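Q: Sequence below, structure please.
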Amino acid sequence: MPSPALPDPSRRTVLSTGTAVGGALLTSGLPTQSAAAEPREPGGDPWRTVLDDADLVWQRMPTAWYEGPFLGNGFLGSGIYAEPGATTTAVRFNVQHSEVQDHRPEFGSLFGLARLPIGYFTLEPVGAITGVDWRLSLHDAELTGTLTTEKGTLALRALVHNDRSVLAVEVTASEGERGFRWVFHPADAISPRAAFKPLPDGYRGNPPAQVADHDGTTAAVQPLLSGGQHVTAWRERSRGRTRTLYAHVAHSYPRSTALGRALKSVRAVAQLPYSALAVDHRAWWHAFYRKSFLSLPDARIQRFYWIQLYKTASAARRDAPVMATSGPWLEPTPWPNTWWNLNAQLEYWLIHGSNHLELDAITRALSEFRDNLAQETPAPYRGDSLGIPRTTDPQLVNGAASTLMGYGVGIPGQDPPTPEVGNLTWALHNVWLSYRHTMDKSILRDVLFPLLRKAVNYYLHFLEPGPDGRLHLPATFSPEYGGDSRDCNYDLMLLTWGCRTLLESAELLGIRDPSAPRWREVLAKRVPYPTDADGFMIGADIPFAKSHRHYSHLLAVYPLYEVTGRTPDERALIERSLAHWVGFEGALQGYTFTGAASMSALLGKGEDALQYLGELMTRFIQPNTMYQESGPVIETPLSAAQSLHDMVCQSWGGVIRVFPALPAAWADLVVHDFRTQGAFLLSAVRRRGTTRWVRLVSEAGAPCVVRHGIAGPVEVRDGRGRPLHHRDAGDGAVQVTLRKGESALITARGDRPDLTVGPVRPNAEAPRWGLPRV
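A: So this is what the prediction gives:
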């Protein structure tokens, strides 16, 4: 008997559900063949429901950056907490900017090119602070609430405007607090590393900032010894009992043009009341969140996930600098620039599945500053090779190289400098992910292929045959284990991925590259990855024998998916290596556990993945979901969001795997417009431990193989409810041919499930992030 079709697309039938919080709904009729399912909620909005639930709250005063609210737009960032040493008399609003840096390359990326602290405002009430009640609205990207003092109250609203890059803080004072004031404190314009390491010979900080009034707008002008300046300009406007502070930061080099730009920006925006300024700011954020949807029954983790999306959009834009270790919220740190041996890569992984390629600064920066990558390669190899140092400024420049000032690329087989040569190839894996999730051939043609070709070429200069007939690498460095090893797994794994990707890319682009025979030779003849009884070694000369936070020796497992457990022996090797790595306590850090969670998800071990995320949350994540080691580092919480993605969906190897590693406690789960490799948008619903339906929309017409997780025979229907031809691809997967713009709905045969998408009920209550009342 033929299956009944879905309702006609012109009939906007709304289906209800008993399991979705607030009665979240999905229209079952589809307006076009290509349209994705759109969550709806009568009298409400599923995104608003999950975002309001994820808001951070403070009913105790935050006393440090890792406790307080944070605002940003990829450029301007503000962290908010009590003024150290004056917790009852002032609240600090930090003012930092991702473009503000020094320009003295002779002192390296960590001193001479370092990000520079700008300063902060203090909000100083009349009376001593006695209470705080704040809420950071993720939906509006806005801090609201009150400060209570011995003299009254201060009601505040604050945002960093998405487009105008202005910090706006509106304060409405009770009668006893009308005398509150704002004070700006310029910071010393010196590398933050100076507080942790000795200064290089000849290095000194920049001269003090000069504060002056400019016709009612105040500016702190920070001159730089290299030339140029950065400027913080601000102005207060009063409207009745409400006063609004507007502040903007501008940076210029080598010219001193920042002052004029900063004054112009503040004067223009100060004409707008706060409420008017907030309209288009909120509109951008509302549209941002609606690009994807995820809900799961662990309230704490669901809230954490949405906070990471907020954090990423506060810290990243395509045209902003690649995130430094602390994002735009610069605090005292020994790492005041961008780190390329793990941090940058992990920072941007979540943009793919969450459908936020508009935040992809890595692809843009590697393309824009590719000439600098040649200059960072040792001189004899610059004609045909590229490399990226461990540390760079936003223009991908390291400057002078030393263990104190910044780490160069190095030369395999030589030390010093440390031969850490694989970082560019790993960064280009992020570019490859952006290509695969969009199938945008311009990324492949204009960025990935030409840059990866030269990154791999650097390896090929040193790859030599050994007595065993295999190709070997001289000693290189595996981040951050210590010591150099021949046939270092970090580099062998990246080289293997690079050669395979170049061959596949050349075929797709129709390029007959003269290096292709060499790439094939590498794949056929390179030495096997060094292993021992405990699993993957650091390299042929160094076993894995001590606690080590980094998974540089395991990249072929994750994130490259070159070794995936296809055979029992390969699976056992992964399991043995993973257990051995995390079995050494002492040097493990937060991203150890996000990596372990994602590797467990690869193996389908949802319980293990959840346990590793639980370890991360308990041991490392701070009250506002930030993370620190010797200083603030942003990559670990963001990579935890990617670990969650890996539990919900994986799409490596040409197969989309729906719900591949869910723990038993996550019996209900909803995902919508999750972006996969092949440029598909995935929507799927799991109820009471059973996957009810899977829907894919093709944006590029790429081959579609989906392991749907639906037990028994299935039906596949198109966007109009008609049967869609498909074939069994084995191992619980089906292959469907979809042209660009077409969709497929997969259900159990004869099943007509409720197509509702909306928030799921939490299994248990959980405290909010922030500092709620104890």
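Q: Without its sequence neighbours, what residue ends up closest to residue 86?
A: Excluding its sequence neighbours, the residue lying closest to residue 86 (CB to CB, 6 or more residues apart in numbering) is residue 122, at 7.9 Å. Every C-beta, even on glycine, is put in place using the N, C-alpha and C of the backbone.
Q: what are the bridge partners for that neighbour, then?
A: residue 92, residue 183 (DSSP bridges).
Q: list the buried ones in stretch 528-536?
A: Within stretch 528-536, the residues that qualify as buried are 529-531, 535-536, counting by 16 or more other CB atoms under 10 Å.
Q: Can I get these in a markdown table including secondary structure?
A: A markdown table is the format used below for these (DSSP: H, G, I helix; E, B strand; the rest coil):
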| residue | secondary structure |
| --- | --- |
| 529 | coil |
| 530 | coil |
| 531 | strand |
| 535 | strand |
| 536 | strand |
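Q: Which of those residues sits closest to residue 583?
A: When the buried residues of stretch 528-536 are ranked by distance to residue 583 (CB to CB), residue 535 comes first, at 10.6 Å.
Q: Let me know whether that closest one touches residue 580 as I believe.
A: Yes - counting by CB atoms under 8 Å, residue 535 touches residue 580, with 5.1 Å between them.
Q: Quick check: neighbours shared by the two?
A: Common contacts of residue 535 and residue 580 (CB atoms under 8 Å, 6 or more residues apart in numbering): residue 544.
Q: Roughly how far does residue 747 sit from residue 657?
A: 18 Å (CB to CB, to the nearest Å).
Q: all helices for the stretch 451-600 of the chain, in order.
A: Taking DSSP state H, counting those that start in this stretch, the helices of the stretch 451-600 of the chain run over residues 489-509, 516-525, 568-582, 590-602.
Q: ok and the longest one relative to helix 516-525, angle-wise?
A: Counting by axes from the mean of the first three to the mean of the last three CA atoms, to 10 degrees, helix 489-509 points 140 degrees away from the direction of helix 516-525.
Q: elements contacting helix 489-509?
A: Counting contacts by 3 or more CB pairs under 8 Å, 6 or more residues apart in numbering; DSSP states H and E, helix 489-509 packs against helix 423-438, helix 449-460, strand 476-477, helix 516-525.
Q: buried set for the second one?
A: By neighbour count on 16+ other CB under 10 Å, the buried set for helix 449-460 is 449, 451-460.
Q: repeat for stretch 666-675
A: 666-675.
Q: ditto for stretch 543-553
A: 543-544, 548-553.
Q: circling back to that earlier point, could you export the buried residues of helix 449-460 as TSV, including distance to residue 72 and pLDDT?
A: Shown next, in TSV, are the buried residues of helix 449-460 (distance: CB to CB, whole Å; pLDDT from 0 to 100):
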residue	distance to residue 72	pLDDT
449	34	98
451	29	98
452	31	98
453	36	98
454	34	98
455	31	98
456	36	98
457	38	98
458	35	98
459	37	98
460	41	98
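Q: Same list (those) but as CSV, adding distance to residue 603.
A: Listed next are the buried residues of helix 449-460 as CSV, based on distance: CB to CB, whole Å:
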residue, distance to residue 603
449, 32
451, 32
452, 28
453, 33
454, 35
455, 30
456, 29
457, 34
458, 33
459, 29
460, 33
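Q: Can you tell me which of those residues lies closest to residue 521?
A: Distances from residue 521 to the buried residues of helix 449-460, taken by CB to CB, are shortest for residue 460, at 9.7 Å.
Q: Roughly how far does that closest one sit from residue 515?
A: Using CB to CB, one obtains 8 Å as the distance from residue 460 to residue 515.
Q: Check residue 108 too.
A: Look at residue 108 and residue 515: by CB to CB, they are 33 Å apart.
Q: Compare the two (neighbour count), which wins?
A: Shown here are residue 108 and residue 515; by other CB atoms under 10 Å, residue 108 has more neighbours (30 against 16).
Q: Tell me the strands beside the stretch of helix or strand residue 80 belongs to, with direction?
A: According to DSSP states H and E, residue 80 maps onto strand 76-82. Applying DSSP bridges to the sheet, strand 76-82 is found paired with strand 70-72 (antiparallel), strand 91-97 (antiparallel).
Q: Out of those strands, flag the one nearest residue 739.
A: Closest approach to residue 739 among the strands paired with strand 76-82 (CB to CB): strand 70-72, 40.1 Å.
Q: For the closest one, give me every contacting residue.
A: Taking CB under 8 Å, 6+ apart as the rule, strand 70-72 contacts 77-80, 136, 141-143, 158-160, 167, 311, 314-315, 327-329, 624, 626.
Q: ok, now stretch 569-585?
A: Among residues not part of stretch 569-585, those counted as contacts by CB under 8 Å, 6+ apart are 531, 534-536, 544, 546-548, 551, 553-554, 557, 563-565, 588, 592-593, 596, 599-600, 602-603, 612.
Q: mind redoing it with 6 Å?
A: For stretch 569-585, the external contacting residues (CB atoms under 6 Å, 6 or more residues apart in numbering) are 534-536, 547, 557, 565, 596, 599.
Q: chain center to that stretch, what's the gap?
A: Taking CA atoms, centre = their mean, to the nearest Å, the mean C-alpha location of stretch 569-585 is offset from the chain mean by 26 Å.
Q: got the CA coordinates for it in PDB?
A: This file holds the C-alpha atoms of stretch 569-585, laid out as PDB (Å, rounded to 0.1, in the frame of the first residue of the first chain):
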ATOM      1  CA  ASP A 569      43.000  -4.000  15.500                       C
ATOM      2  CA  GLU A 570      42.700  -0.300  14.600                       C
ATOM      3  CA  ARG A 571      39.900   0.200  17.100                       C
ATOM      4  CA  ALA A 572      41.900  -1.500  19.800                       C
ATOM      5  CA  LEU A 573      44.900   0.800  19.000                       C
ATOM      6  CA  ILE A 574      42.700   3.900  19.400                       C
ATOM      7  CA  GLU A 575      41.300   2.600  22.700                       C
ATOM      8  CA  ARG A 576      44.700   1.700  24.000                       C
ATOM      9  CA  SER A 577      46.200   5.000  23.000                       C
ATOM     10  CA  LEU A 578      43.300   7.000  24.500                       C
ATOM     11  CA  ALA A 579      43.400   5.200  27.800                       C
ATOM     12  CA  HIS A 580      47.200   5.500  28.100                       C
ATOM     13  CA  TRP A 581      47.000   9.300  27.300                       C
ATOM     14  CA  VAL A 582      44.400  10.200  29.900                       C
ATOM     15  CA  GLY A 583      45.700   7.700  32.400                       C
ATOM     16  CA  PHE A 584      48.600  10.000  33.300                       C
ATOM     17  CA  GLU A 585      47.400  12.600  35.800                       C
END
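Q: what is the mean pLDDT for that stretch?
A: The predicted model gives stretch 569-585 an average pLDDT of 97.
Q: any idea how far residue 478 lies from residue 467?
A: Counting by CB to CB - residue 478 and residue 467 are separated by 24 Å.
Q: Settle it for me: which of those two has more neighbours?
A: The neighbour count for residue 478 versus residue 467, taken as other CB under 10 Å, is higher for residue 478 (26 against 6).
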